[in-house]
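Chemist: coordinates only, no sequence provided:
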């Protein structure tokens, strides 16, 4: 009795899963890059400092921008001072290692910056970074 061998067909490479993954990665990076750039387009004239340095780790930040006219932004979204503490508290619950970066315009009264600092402390933020421009020699 002879055993018949099955004829082997060449296995085909499946492209559909790879196309799905490429599409997912493309959408992910488009969303992340637009969110990362959103807060940088706010026209805030940062003060200068000779002691400023650029930190190595720029991840896991919440950016609060205070303009000279007193308007306040969390990321790229306009927000009222009264809502800031609760919004920061919500973000800290989602991301406990969140660092708050305050970008205040050079002409902003310090009373506005102090108010933001107080609201950040009330929300439980422990790492607060104050953004400045580095003075070039």
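Modeler: That came through fine. For clarity, every value in this text was computed on a predicted model and none was experimentally measured. Numbering: from 1, shown residues only.

Chemist: and the helices in this structure?
Modeler: 16-38, 81-94, 110-123 (DSSP state H).

Chemist: export these as TSV, with columns for distance to residue 7.
Modeler: Yep, even glycine has a C-beta here, placed from its N, CA and C like the rest. Shown next, in TSV, are those (distance: least, Cβ to Cβ, whole Å):
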stretch	distance to residue 7
helix 16-38	26
helix 81-94	57
helix 110-123	69
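
Chemist: quick one, which of those helices is nearest to residue 64?
Modeler: When the helices of the chain are compared by Cβ to Cβ, helix 110-123 sits nearest residue 64, at 6.0 Å.

Chemist: hmm, who's touching the closest one?
Modeler: Counting contacts by Cβ atoms under 8 Å, 6 or more residues apart in numbering, the residues outside helix 110-123 that touch it are 64, 66, 70, 72, 81, 84-86, 88-89, 92, 100, 102, 104, 128.

Chemist: out of those residues, which one sits closest to residue 14?
Modeler: Nearest to residue 14 among the contacts of helix 110-123, with distances taken as Cβ to Cβ, is residue 92, at 43.7 Å.

Chemist: spit out the contact partners of that closest one.
Modeler: Contacts for residue 92 (Cβ under 8 Å, 6+ apart) come out as 98, 123-125.

Chemist: against residue 11, how distant is it?
Modeler: In this view, residue 92 and residue 11 are 51 Å apart by Cβ to Cβ, to the nearest Å.

Chemist: over to residue 28?
Modeler: 30 Å.

Chemist: so these two - more neighbours on which side?
Modeler: Comparing residue 28 with residue 11 by other Cβ atoms under 10 Å, the one with more neighbours is residue 28, at 10 against 6.

Chemist: tell me how far the more buried one lies from residue 63.
Modeler: Taking Cβ to Cβ as the criterion, residue 28 is separated from residue 63 by 21 Å.

Chemist: got the contact list for residue 109?
Modeler: Residue 109 is in contact with residue 70, counting by Cβ under 8 Å, 6+ apart.

Chemist: okay, it: pLDDT?
Modeler: Here, the pLDDT recorded for residue 109 equals 83.

Chemist: quick check on it: phi, psi?
Modeler: phi -60, psi 140 (degrees, to the nearest 10).
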